[in-house]
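Engineer: Quick one: sequence plus predicted model below, questions after.
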Amino acid sequence: MRFSSHFMKFPSLHPRIIFRQFSYLFVIVSILVLMNCFGSKQIIEKKPDSHIKPIVIPPQYLKPIVGRVEWVEFPNWKLKLRARVDTGAKSCSIHAINIERVTENGEVFVLFDTFVDEKPVRLKSKFVKEAKVTSTSGVSENRIIISELMKMGKYKEEVIINLNDRTNLTYPILIGRNFLMGKFLVDVSLSHALGD
């Protein structure tokens, strides 16, 4: 059986028509690919690499951050003062002049003057002991030690404080490790991190 030659001939198509047909085909295929990718609601989760461990912050580091200067309160004295936070100091210190010991009903107390807004204030506290304290400059001297309730942020605690003439220093209170340890993290780039 012979086919006629006109069945074997393809009509000649203009190049623009061919290009337009391929363009339509390309757009349709692209749409189908995009619908397949975004149309399904399947979420592909990337599994973490087995050699990378998640960061876990130990509970001992989940503490309030304090700056180099913070407000402290002394509820018994009804005082609120700015204090220098010093992790290099073993214990707290307060500015004190005109120090004298008195005995009342068999108990020993200490009377001393400190300054609030450049005005002298006479304070009284229970005497603990007299001890040799070495300053950060390496000078040792005998200082009177008292125990007083102190509050910084949400923490309130009875703390050992030594009395020291801090006349030439900017802040009347120095907060040492005996109050900071276990309760706060210190960021020296901050100031008043606990608020005003």
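Structural biologist: Nice, thanks for sending it over. Numbering: from 1, shown residues only.

Engineer: Going by C-alpha atoms from here, please, whenever you check contacts or count neighbours.
Structural biologist: Fine.

Engineer: Just the pLDDT at the residue nearest the centre of the chain, thanks.
Structural biologist: In the chain, the residue lying closest to the centroid (Cα atoms, centre = their mean) is Ile65, at 3.6 Å. The pLDDT attached to Ile65 in the predicted structure is 89.

Engineer: what sits against the closest residue to it other than its chain neighbours?
Structural biologist: Nearest non-adjacent residue to Ile65, counting by Cα to Cα, 6 or more residues apart in numbering: Leu185, 4.7 Å away. Applying Cα atoms under 8 Å, 6 or more residues apart in numbering, we find Leu185 in contact with 61, 63-66.

Engineer: Now the buried members of those residues.
Structural biologist: 65-66 (16 or more other Cα atoms under 10 Å).

Engineer: The contacts of Leu185 into a markdown table, with extra columns for distance to Asn142?
Structural biologist: Shown next, in a markdown table, are the contacts of Leu185 (distance: Cα to Cα, whole Å):
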| residue | distance to Asn142 |
| --- | --- |
| Tyr61 | 36 |
| Lys63 | 34 |
| Pro64 | 34 |
| Ile65 | 33 |
| Val66 | 30 |
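
Engineer: could you dump the contacts of Leu185 to JSON lines with secondary structure and distance to Arg84?
Structural biologist: Below are the contacts of Leu185 laid out as JSON lines (DSSP: H, G, I helix; E, B strand; the rest coil; distance: Cα to Cα, whole Å):
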{"residue": "Tyr61", "secondary structure": "helix", "distance to Arg84": "22"}
{"residue": "Lys63", "secondary structure": "coil", "distance to Arg84": "19"}
{"residue": "Pro64", "secondary structure": "coil", "distance to Arg84": "17"}
{"residue": "Ile65", "secondary structure": "strand", "distance to Arg84": "14"}
{"residue": "Val66", "secondary structure": "strand", "distance to Arg84": "11"}
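
Engineer: All good on my end, thank you.
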